[in-house]
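> Build me a model from this:
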Amino acid sequence: EALPRRLRLPAAGSVVLGRVARVTPRLVALDLAVVDGQPLGAGAGAGPLGSGALLGGVLRKENVVAKEVDRVDMYEAFRIGDVVRAEVVSLGDARAYYLSTAKPQLGVVLAHSERSGEALRAVATSTPGVGAGTATAGSAGLHEAIVAMECPRTASRERRKVARLA
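Numbering: from 1, shown residues only. As a prediction, this is how the structure comes out:
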């Protein structure tokens, strides 16, 4: 099937939005839906983040945070169905673009509770050393990046690599 004529292809440095399709210990696979603020077009699935995406992205463990990469738990940072803002670091291979969420403004922008299905909201966590923090340029690492998200209905908390939307 040919790509739609309006399809905007990502380039290195492009910011993309995608839905998590698969999580493994070493990587997260994303179905991309938006490139530099522009939806991919009619062929990209049902709705702006629907299944059937034409473009895929891969977020490797070493590109999730800037520091303490060895401490990243991919199953904790991302869940299937999360909507993630990421930056394209390279064109990857024929199947997927390589992505990064190492900057504070990149990461999960929308997630739903595994228990209730409700949309989660980012909150500071009281776990020592694991808070939203105020990272300075070049110091963003695991402890500043992985924060709690809370269900407004049940108050249960789940951890994610949350994008700071300042």
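
> Just the pLDDT for S156.
At S156, the model reports a pLDDT of 89.

> Can you tell me how far it is from A119?
13 Å (CB to CB, to the nearest Å). (Each C-beta comes from the backbone N, C-alpha and C, glycine too.)

> got it, and E87?
For E87, the distance to A119 equals 24 Å [CB to CB].

> Of these two, which one has the most company?
A direct count of neighbours by other CB atoms under 10 Å for E87 and A119 places E87 higher, at 18 against 13.

> Do I have it right that the more buried one meets P104?
No. Using CB atoms under 8 Å, E87 makes no contact with P104, being 11.8 Å away.

> And the lowest mean pLDDT element among the helices and strands of the protein?
helix 142-145 (a mean of 48; mean pLDDT, DSSP states H and E).

> Overlap in contacts, S156 and A119.
Residues touching both S156 and A119 by CB atoms under 8 Å, 6 or more residues apart in numbering: S113.

> Start and end of stretch 97-117, how far apart?
Start to finish, the residues bounding stretch 97-117 are 29 Å apart (CA to CA, to the nearest Å).

> Quick one: mean pLDDT for it?
The average pLDDT for stretch 97-117 rounds to 93.

> same thing with stretch 25-40?
In this model, stretch 25-40 has an average pLDDT of 93.

> who are the neighbours in contact with R157?
Taking CB under 8 Å, 6+ apart as the test, what R157 contacts is 123, 125, 148-151.

> swap in E62?
By CB under 8 Å, 6+ apart, E62 lies in contact with V69.

> Show the pLDDT at it.
At E62, pLDDT is 95.

> all strands of the protein, in order?
15-23, 27-35, 38-39, 55-60, 83-90, 97-100, 107-110, 121-123, 146-150, 157-161 (DSSP state E).

> Pull up the distance across stretch 90-105, start to finish.
19 Å.

> Tell me which residues of that stretch come out buried.
Neighbour-count burial for stretch 90-105, with 16 or more other CB atoms under 10 Å as criterion, is recorded at 92, 96-104.

> And for stretch 152-160?
Here stretch 152-160 shows 157-160 as buried, counting by 16+ other CB under 10 Å.

> so, if you compare the residues you listed, which one comes nearest to V108?
Nearest to V108 out of these is R160 (CB to CB; 4.4 Å).
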